[in-house]
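Colleague: Next input, structure requested:
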Amino acid sequence: MTEPTDEGTTTVAAVHPHRVLVLNSGSSSVKYQLLDMRDHSRLATGLVERIGEATSRLTHTLQPGGGAEPRIRTGRIADHEGALKAAAEELAADGFGLDSPELAAIGHRVVHGGLRFTEPTVITDEVLTEIERLVPVAPLHNPANITGIRTARALRPDLPQVAVFDTAFHTTMPESAARYAIDVETADAHRIRRYGFHGTSHAYVSRRTAELLGRPLQDINLIVLHLGNGASASAVAGGRCVDTSMGLTPLEGLVMGTRSGDIDPAVTFHLKRVAGMSTDEIDVLLNKKSGLVGLCGDNDMREIRRRVDEGDERAALAFDIYIHRLKKYIGAYSAVLGRVDAVVFTAGVGENSAPVREAAIAGLAELGPAVDGDLNAVHSREPRLISPDYARVAVAVVPTDEELEIADQTFALVGQAGRPVGQAGPLIGQVDN
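Modeller: Below is the predicted model of the structure:
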């Protein structure tokens with residue numbers, strides 16, 4: 001962009017960076033979203049999956065919801081570097097190249113931040129080293145997050161990159177909630193404590209619920225139920241987490257799609273001694289072959305409800321166990337908080353399964369929440385109340401948006417202070433089209 005000067009010559013006008021690229025790097029996938037922080041609009045989204053396989057697939061969508069057909073690229077993508085370069089090519093084809101001066105920062109989802117990282121953090125070599133030190137407590141997640149960070153930093157070494165941690169929101173838990181009742185020295189030596197996860201979702205949904213209720217966040221107490229294939233509950237007092245269901249790992253707590261949730265720790269000893277199972281086999285059992293899929297063979301709540309409606313006893317038992325655990329946590333967190341202003345459902349199951357919401361709240365009238373059948377049956381992507389006017393405790397459905405939360409936290413940290421940029425920075429290793 002150029003502007004005339006008094007002398008008749010032109011100068012390059014400063015461009016203020018206002019876009020954030022959000023990256024969520026998994027072990028064999030990379031999800032990405034590019035957001036315009038001036039209006040929170042999504043400029044593009046994409047998913048690279050099955051990285052390292054012959055059947056790798058990239059699905060890229062320009063301005064989701066705008067009617068554009070997704071572009072699909074297939075063929076082997078060897079590694080995360082190749083995945084990010086492929087994503088960069090797709091973005092560039094839409095005029096959103098990673099070398100754009102309008103790109104303010106890249107925000108990375110990092111699952112585990114331990115106790116050190118309590119807020120979004122600009123990534124430096126020292127920060128990356130500390131994230132690597134947390135791998136023993138997050139062996140399934142942090143390595144993939146680290147790979148994504150390293151690759152993105154190599155592509156744009158000049159650009160601010162920010163780590164947003166799933167665990168950060170839960171670092172406000174008091175020690176009485178965060179500590180396990182085991183030997184203190186052993187726990188401290190091996191960083192064994194309750195960290196909690198899904199923090200970006202719980203933070204976002206808490207703020208959006210306060211807006212829905214028309215009350216300051218610091219004045220309300222919430223029970224937030226993030227119910228997806230992974231599921232967690234949190235007790236939020238005045239915007240601060242005081243308890244959450246997940247612990248050292250995402251295995252603790254609610255019944256999930258493939259995870260057991262709460263279980264007697266001695267079950268693992270029994271399986272090792274009596275069934276002769278190895279530690280790795282027990283790990284796979286509890287994380288990938290338990291929960292709803294272990295109980296009835298399905299982890300899709302829609303399919304489970306279809307089977308329940310057809311009289312399938314295994315599906316009905318799985319649903320009842322799932323709901324029983326939810327009720328226990330709602331009751332427990334009502335006691336922890338003392339006063340509850342709203343119970344909030346979010347994520348895939350929480351937002352879309354009216355039967356789950358109805359069953360979870362049924363019978364809790366003495367605690368205050370209630371569900372209106374007609375309101376509960378409404379399908380909407382907007383935050384909404386589903387409780388009758390007389391309910392002492394509101395019940396809400398608030399769609400989560402973890403990518404927007406990551407982008408907001410990233411831009412708040414570096415975007416406002418971002419220097420006006422007159423020209424683009426280098427994109428290392430960009431593949432020419």
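
Colleague: Would you map the strands across the stretch 1-150 of the chain?
Modeller: Per DSSP state E, counting those that start in this stretch, the stretch 1-150 of the chain carries strands over the ranges 2-4, 10-12, 19-25, 29-36, 41-49, 57-62, 71-74, 103-110, 121-122.

Colleague: out of these, nearest to residue 366?
Modeller: strand 103-110 (39.2 Å; C-beta to C-beta). Where you see a C-beta, it was placed from the backbone N, CA and C, and this is true even at glycine.

Colleague: Can you say which of the strands of the stretch 1-150 of the chain is nearest to residue 268?
Modeller: strand 103-110 (27.8 Å).

Colleague: Strand partners (parallel or antiparallel) of the closest one?
Modeller: Strands that pair with strand 103-110, judged by DSSP bridges, come out as strand 19-25 (parallel), strand 161-165 (parallel).

Colleague: Count residues in the vicinity of the residue lying closest to residue 392 once chain neighbours are set aside, would you?
Modeller: Using C-beta to C-beta, 6 or more residues apart in numbering and skipping residues adjacent in sequence, the residue nearest residue 392 is residue 368, 3.8 Å away. A count of neighbours around residue 368, defined by other C-beta atoms under 10 Å, yields 18.

Colleague: quick one: contacts for residue 368?
Modeller: Counting by C-beta atoms under 8 Å, 6 or more residues apart in numbering, residue 368 touches 334, 340, 391-393.

Colleague: go on, residue 323?
Modeller: 356, 359-360.

Colleague: Surely residue 233 and residue 242 touch.
Modeller: No. Assessed by C-beta atoms under 8 Å, residue 233 is found out of contact with residue 242, at 12.0 Å.

Colleague: how far out from the middle of the chain is the lengthiest helix in the chain?
Modeller: In the chain, with assignment by DSSP state H, the single longest helix is helix 313-337. Put simply, helix 313-337 sits 22 Å off its chain's centre (C-alpha atoms, centre = their mean, to the nearest Å).

Colleague: Over to stretch 174-184?
Modeller: In terms of C-alpha atoms, centre = their mean, the centre of stretch 174-184 is found 25 Å from the chain centre.

Colleague: how long is that stretch end to end?
Modeller: End-to-end distance of stretch 174-184 (C-alpha to C-alpha, to the nearest Å): 16 Å.

Colleague: in it, what's buried?
Modeller: Using 16 or more other C-beta atoms under 10 Å as the test for burial, stretch 174-184 gives 177-178.

Colleague: Report the mean per-residue pLDDT for it.
Modeller: The pLDDT scores in stretch 174-184 average 97.

Colleague: Need the contact partners of that stretch.
Modeller: 187, 192-195, 242-244, 247-248, 336.

Colleague: Please, a PyMOL command that selects the buried ones among these?
Modeller: Burial among the contacts of stretch 174-184 is assessed by 16+ other C-beta under 10 Å; the matching PyMOL selection reads:
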select buried, resi 192+193+194+195+242+243+244+247+248+336
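
Colleague: can you redo the contacts of stretch 174-184 as a markdown table with pLDDT?
Modeller: A markdown table is the format used below for the contacts of stretch 174-184 (pLDDT from 0 to 100):
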| residue | pLDDT |
| --- | --- |
| 187 | 96 |
| 192 | 94 |
| 193 | 95 |
| 194 | 96 |
| 195 | 96 |
| 242 | 98 |
| 243 | 98 |
| 244 | 98 |
| 247 | 96 |
| 248 | 93 |
| 336 | 98 |
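
Colleague: now, among the contacts of stretch 174-184, which is nearest to residue 383?
Modeller: Relative to residue 383, the closest of the contacts of stretch 174-184 is residue 244; by C-beta to C-beta it sits at 21.3 Å.

Colleague: where's the closest one relative to residue 155, distance?
Modeller: The gap separating residue 244 from residue 155 is 35 Å, by C-beta to C-beta, to the nearest Å.

Colleague: where does residue 107 land on pLDDT?
Modeller: Residue 107 carries a pLDDT value of 96.

Colleague: Would you mind confirming that it is in contact with residue 414?
Modeller: No. Checked against C-beta under 8 Å, the pair residue 107 and residue 414 is beyond contact range at 9.2 Å.

Colleague: quick one, which of these two is more surrounded?
Modeller: Shown here are residue 107 and residue 414; by other C-beta under 10 Å, residue 107 has more neighbours (29 against 20).

Colleague: Next up, the contacts around that one.
Modeller: 20-23, 120, 161-162, 164, 406-407, 409-411.

Colleague: change it to 6 Å
Modeller: 20, 22, 162, 164, 406-407, 410 (C-beta atoms under 6 Å, 6 or more residues apart in numbering).

Colleague: Among those, name the buried ones.
Modeller: By 16+ other C-beta under 10 Å, these give 20, 22, 162, 164, 406-407, 410 as buried.

Colleague: so, if you compare those residues, which one comes nearest to residue 228?
Modeller: For the buried ones among the contacts of residue 107, the nearest to residue 228 is residue 406 (16.6 Å; C-beta to C-beta).

Colleague: can you pull the contacts of that closest one?
Modeller: Residues near residue 406 by C-beta under 6 Å, 6+ apart: 22, 107, 109, 164, 200.

Colleague: same deal with residue 195?
Modeller: Each residue near residue 195 by C-beta under 6 Å, 6+ apart is listed here: residue 167.

Colleague: For it, which three-state class applies?
Modeller: The local conformation at residue 195, judged by DSSP: H, G, I helix; E, B strand; the rest coil, is coil.

Colleague: How much space separates it from residue 141?
Modeller: If you go by C-beta to C-beta, the gap between residue 195 and residue 141 works out to 12 Å.

Colleague: likewise residue 112?
Modeller: Distance of residue 112 to residue 141, given as C-beta to C-beta: 6 Å.

Colleague: okay, those two: which has more neighbours?
Modeller: Comparing residue 112 with residue 141 by other C-beta under 10 Å, the one with more neighbours is residue 112, at 25 against 22.
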